[in-house]
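**Student:** Whatever this is, show me its structure:
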Amino acid sequence: MIVLSIAIQKGGSGKTTTALNLAAAFQRMGKNVLLIDLDPQANLTQSLGIADDSDLSIYELLKQAASGELTDVSKAIVETGVLPLIPANLELASAELELVSMYGREQLLNQILGQLDDTYDMVVIDCPPAVGMLTVNALTASNYVLMPLQAEFLPFKGVQRFVKNVQLIKKQLNKRLEILGIVLTKFDEHKSMHRQIRSQLQDLYPGWVLEAGIRSNISLAKAQEQSKDIFTFDVNANGAKDYYALATEIKERLLTVAEQ
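**Tutor:** Residues are numbered from 1 along each chain as shown. The predicted model follows:
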């Protein structure tokens, strides 16, 4: 079971859109994929038409794991009609403070996912836009991290800080964690700044910038408004083409890693 975190230290980068539609692309490739909403804003949960006040959410599972009384994790999985989801609720915002003083706090999500081993081919985690205890839990439980990034100056500076945090987590908490790559979102090949940022990233992180960029596409937002993935909403949209291309490229990278 591959665990993939979608994470970056910047809001508005397209994390939720990428988590949803990348998972949907892998589902179309025949993979059994589970989504986890680990962001207190619960945007992924809401995008799938689920109320953010569910009784059994990732917050309750984390609290149970911390107390050593983890129940059947499968009971928290919601069948959304798009992809199965462990939802977030509004209480997740308090988890950062509650977990700080708990023993083994970085490994709680790892314990939760341990119940699901081999149930799914892939778990995709939508992380908060900050490196707090929730994101640390996600990265500690993950095989890979994918970083969505807008091709603008401020997000570009932020990725350098985030990479240092990922490397620290790999060293101290999860030696199997690897950076899968950087995907540029809301990308416009015709804009010189976008091309410049891509070039600078390629120079700074050789081999990390994925060829499949995600173009600006209003259909991506409209699909989420209707609680759908882009393929269900409009399979011919640029967003669908881009996310399928991204999934294909990631699949090839994973095969290359497996062969090494």
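**Student:** Which secondary structure state does residue 88 sit in?
**Tutor:** Following DSSP: H, G, I helix; E, B strand; the rest coil, we place residue 88 in the coil state.
**Student:** My guess is it contacts residue 46. True?
**Tutor:** No: with contacts counted by Cβ atoms under 8 Å, residue 88 stays clear of residue 46, the gap being 9.1 Å. (Each C-beta comes from the backbone N, C-alpha and C, glycine too.)
**Student:** So for these two, which sits in the more crowded spot?
**Tutor:** residue 88 (29 against 17; other Cβ atoms under 10 Å).
**Student:** List the buried residues in stretch 158-168.
**Tutor:** 158-159, 162-163, 166 (16 or more other Cβ atoms under 10 Å).
**Student:** got a list of contacts for it?
**Tutor:** The contact list for stretch 158-168 (Cβ atoms under 8 Å, 6 or more residues apart in numbering) reads 7-10, 131, 139, 145, 147, 149, 177, 179, 182, 201, 204-205.
**Student:** again, only using 7 Å
**Tutor:** Here stretch 158-168 makes contact (Cβ atoms under 7 Å, 6 or more residues apart in numbering) with 8-10, 131, 139, 145, 147, 149, 177, 179, 182.
**Student:** Pick out the most distant pair among the residues you listed.
**Tutor:** The most widely separated members of those, counting by Cβ to Cβ, are 10 and 177 (19.6 Å).
**Student:** before we move on, back to that, any shared contact partners between residue 88 and residue 46?
**Tutor:** Common neighbours of residue 88 and residue 46 (criterion: Cβ under 7 Å, 6+ apart): residue 52.
**Student:** Please tell me the pLDDT value assigned to the residue lying farthest from the centre of the chain.
**Tutor:** The outermost residue of the chain relative to its centre, with distances by Cα atoms, centre = their mean, is residue 192 at 28.2 Å. Turning to residue 192, the model gives it a pLDDT of 92.
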